[in-house]
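Chemist: Just a sequence and a predicted model for now, questions to come.
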Amino acid sequence: EADIYQTPRYLVIGTGKKITLECSQTMGHDKMYWYQQDPGMELHLIHYSYGVNSTEKGDLSSESTVSRIRTEHFPLTLESARPSHTSQYLCASSDIVEGEKLFFGSGTQLSVL
Amino acid sequence: ILNVEQSPQSLHVQEGDSTNFTCSFPSSNFYALHWYRWETAKSPEALFVMTLNGDEKKKGRISATLNTKEGYSYLYIKGSQPEDSATYLCAFPGGGNKLTFGTGTQLKVEL
């Protein structure tokens, strides 16, 4: 069973609000990722991290930012939410010992009104 | 941006039927090919990570094959059950295990 947790599960918020989506894993994995999925579309990588103090943008441009101050924690922040940010956000982690397969959190469904 | 394609987009089968789906990926600079199962209201779950041409992996009634030279992988489900209903995703890593996912095959198994 994967030990990676995301909160909140659902979030409905007004335009202009600052939000932080939480992601934590207890497996000690070095690599962590944020994926975004719009309905009917592919999962797109928006951020990744190879370890503490390492963050990079993914293939899909995103106005969100991330931080990796601790190995287990990889939060995603939107400074000013807009309706175009409405989407599902999935956090994942991986480790070379596990063949780099991704372990996913349960996701956050974000709706910006 | 890598091009990962899956077909069919959706599939309805009867309980007990066997079925298969296809994942196509770039055949150059191959590193690995991932398969995930994503059930409704759950997290995507890894099924297989395949790395060797000709490799075949099996997990219960689900198996997968890999052809890295022609750039495709097949996922097979033998004797489909309603609990197999899910979206099946394949993913191809670019540099640094940054996975590019296909749009998935949505499988519905009916009684």
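Modeler: Received it, and whenever you're ready, just let me know what you need.
Chemist: Now A:Gly16: phi and psi?
Modeler: Phi and psi for A:Gly16, reported as degrees, to the nearest 10, are phi 90, psi -10.
Chemist: what about residue 66, neighbour count?
Modeler: Going with chain A. Using other CB atoms under 10 Å in any protein chain shown, A:Val66 is surrounded by 22 other residues. Bear in mind the C-beta positions are built from the backbone N, C-alpha and C, glycine included.
Chemist: Chain B, not that one
Modeler: So B:Leu66, with other CB under 10 Å, has 24 neighbours.
Chemist: Any stretches of the chain with poor pLDDT?
Modeler: I'll assume chain A. Within chain A, the stretches with pLDDT under 70 are A:1-2.
Chemist: wait, I meant chain B there
Modeler: Using pLDDT under 70, the flagged stretches of chain B are B:1, B:96.
Chemist: then the strand ranked longest in it to PDB, C-alphas only?
Modeler: Among the segments of chain B that qualify as a strand by DSSP state E, the longest is strand B:86-93. Extracted C-alpha coordinates of strand B:86-93, given in PDB (Å, rounded to 0.1, in the frame of the first residue of the first chain):
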ATOM      1  CA  ALA B  86     -10.600   1.100 -14.900                       C
ATOM      2  CA  THR B  87      -8.500   3.300 -17.100                       C
ATOM      3  CA  TYR B  88      -5.200   1.700 -18.100                       C
ATOM      4  CA  LEU B  89      -2.400   4.200 -18.700                       C
ATOM      5  CA  CYS B  90       1.000   3.700 -20.200                       C
ATOM      6  CA  ALA B  91       3.900   6.100 -19.700                       C
ATOM      7  CA  PHE B  92       7.300   6.600 -21.200                       C
ATOM      8  CA  PRO B  93      10.000   8.300 -19.300                       C
END
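Chemist: Quickly run through the sheet partners of it, with directions.
Modeler: strand B:33-38 (antiparallel), strand B:99-101 (antiparallel), strand B:105-110 (antiparallel) (DSSP bridges).
Chemist: how close does A:Met32 sit to chain B?
Modeler: Distance from A:Met32 to chain B, counting by CB to the nearest CB, to the nearest Å: 11 Å.
Chemist: wait, what's in contact with the closest residue to that residue other than its chain neighbours?
Modeler: Computed as CB to CB, 6 or more residues apart in numbering or on different chains, the closest residue to A:Met32 that is not its neighbour in sequence is A:Phe74, at 4.2 Å. Residues near A:Phe74 by CB atoms under 8 Å, 6 or more residues apart in numbering or on different chains: A:Cys23, A:Ser24, A:Gln25, A:Met32, A:Trp34, A:Ser49, A:Val66, A:Ser67, A:Arg68, A:Cys91, A:Ser93.
Chemist: quick check, A:Val97 in a helix?
Modeler: Yes. Membership of A:Val97 in a helix is supported by DSSP: H, G, I helix; E, B strand; the rest coil.
Chemist: sorry, back to before: quick check on the contacts of A:Phe74: which are buried?
Modeler: Buried members of the contacts of A:Phe74, scored by 16 or more other CB atoms under 10 Å in any protein chain shown, are A:Cys23, A:Ser24, A:Gln25, A:Met32, A:Trp34, A:Ser49, A:Val66, A:Arg68, A:Cys91, A:Ser93.
Chemist: any chance of these in a markdown table, plus distance to B:Tyr31 and secondary structure?
Modeler: Shown next, in a markdown table, are those (distance: CB to CB, whole Å; DSSP: H, G, I helix; E, B strand; the rest coil):
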| residue | distance to B:Tyr31 | secondary structure |
| --- | --- | --- |
| A:Cys23 | 25 | strand |
| A:Ser24 | 28 | strand |
| A:Gln25 | 23 | strand |
| A:Met32 | 19 | strand |
| A:Trp34 | 21 | strand |
| A:Ser49 | 20 | strand |
| A:Val66 | 24 | strand |
| A:Arg68 | 24 | coil |
| A:Cys91 | 23 | strand |
| A:Ser93 | 19 | strand |
